[in-house]
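Chemist: Could you look at this predicted model? Sequence included:
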Amino acid sequence: MFAPKVLPFLRHPLILIGSFVITLLAIVALAAPLITPYPPHQIDLTAILQAPSAQHWLGTDQLGRDVFARMVYGAQISLSVGFIAIGIATFIGLIVGALAGYYGGRTDAWLMRLVDIMLCFPSFFLILAVIAFLEPSLVNIMIVIGLTSWMGVARLIRAEFLRLRQTEFVLAARSLGLADAPLILKHLLPNSMAPIYVTVTLGVAGAILVESGLSFLGIGVQPPTASWGNLLTAGKETVEVAWWLVLFPGLAILITVLAFNLLGEGLRDVLDPRLQKRA
């Protein structure tokens, strides 16, 4: 029973590549204290702006800090922001979408107008506006990204609930007197999650990009805490003489976002029955 359901996921090349890269990144981030030869904040004024070498694998920065160590600890920040922010967004989107799709009528109208209002604002500029009134911190960034990224999930869940609420198994459950909460949680929600997996996976990549952008602009994760965004900010000032300070953080962002996008595309191919029929 279990193997036939898992087999399409194991055979899809995009899922395999994306999962491998994400798993590797997660292992590296979790094992940061074990694999980094130097502490990320250790200053060595005798090793300023050294190129990649056997001693410093990815070189050093303007304060002689090991770039590899800061990159690895920056992976912790980026992955944490991605998963936690999208977790918040998914939780809010599931509640709003489920209520709108299940009850319909005025509930649906009011909640969807709220979604429309939120969608009127460019998300990145909305995040910038909110962050401007808050103290720049990792927790605030995760919360703000989550609170401004739930609309897509809400619309998807609403559409799935509108489709499912007229199906035979839902009508049968209602005729048996099943309460709204158990019906939503045990029957409708599990059958509505397929498109959400794809949205969440792609959303993690988006959240990582937003965090990197905020940190690059100086209103995200604040030094000395290392994040890929503020590593890029520090590197752009010396890019002509220390190319490694820009290249490696940029590659890390590119590879991570690409891995999540590949995983999302692979999940879409497997979970969308219309694409399977075309194939």
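Modeler: Here it is on my side, so go on.
Chemist: Can you pull the poorly scored residue ranges out of the chain?
Modeler: For the chain, the stretches with pLDDT under 70 are 1-8, 272-279.
Chemist: ok, which stretches of the protein are helices?
Modeler: 2-11, 13-30, 32-35, 67-103, 105-120, 123-131, 138-147, 151-164, 168-175, 180-183, 194-216, 228-236, 244-271, 273-278 (DSSP state H).
Chemist: Tabulate these (CSV), appending distance to A54 and mean neighbour count.
Modeler: Yep, even glycine has a C-beta here, placed from its N, CA and C like the rest. Shown next, in CSV, are those (distance: least, C-beta to C-beta, whole Å; neighbours: other C-beta atoms under 10 Å):
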stretch, distance to A54, mean neighbour count
helix 2-11, 39, 10
helix 13-30, 20, 16
helix 32-35, 16, 12
helix 67-103, 12, 22
helix 105-120, 51, 13
helix 123-131, 41, 16
helix 138-147, 33, 19
helix 151-164, 46, 21
helix 168-175, 63, 12
helix 180-183, 61, 12
helix 194-216, 29, 23
helix 228-236, 22, 22
helix 244-271, 14, 20
helix 273-278, 48, 9
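Chemist: The residue lying closest to Q222 once chain neighbours are set aside: what's it in contact with?
Modeler: Leaving aside its sequence neighbours, Q222 sits nearest to P136 (C-beta to C-beta, 6 or more residues apart in numbering; 5.4 Å). Residues near P136 by C-beta atoms under 8 Å, 6 or more residues apart in numbering: 219-222.
Chemist: cool, F216 as well?
Modeler: 229-230, 232-233 are the contacts of F216 under C-beta under 8 Å, 6+ apart.
Chemist: Return the member of those nearest to L79.
Modeler: Among the contacts of F216, G229 lies closest to L79 (C-beta to C-beta), at 13.5 Å.
Chemist: Contact partners for that closest one?
Modeler: In this structure, G229 makes contact with 211-216, 220-221, 249, judged by C-beta under 8 Å, 6+ apart.
Chemist: separation between the residue lying closest to F248 once chain neighbours are set aside and T199?
Modeler: For F248, ignoring the flanking residues on the chain, the nearest one in space by C-beta to C-beta, 6+ apart is L58 at 5.1 Å. Computed with C-beta to C-beta, to the nearest Å, the distance linking L58 and T199 is 34 Å.
Chemist: Provide a list of residues in contact with the residue nearest in space to the middle of the chain.
Modeler: Of all residues in the chain, the one closest to the mean position by C-alpha atoms, centre = their mean is V204, 1.3 Å from it. By C-beta under 8 Å, 6+ apart, the residues touching V204 are 82-83, 86, 260.
Chemist: ok, so what distance separates it from I86?
Modeler: Applying C-beta to C-beta, the value for V204 to I86 is 5 Å.
Chemist: ok, G101 touching T107?
Modeler: No - with contact defined as C-beta atoms under 8 Å, G101 does not count as touching T107 (9.5 Å).
Chemist: on that earlier part again, tabulate the contacts of F216 (JSON lines), appending distance to I127.
Modeler: Below are these laid out as JSON lines (distance: C-beta to C-beta, whole Å):
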{"residue": "G229", "distance to I127": "13"}
{"residue": "N230", "distance to I127": "17"}
{"residue": "L232", "distance to I127": "18"}
{"residue": "T233", "distance to I127": "17"}
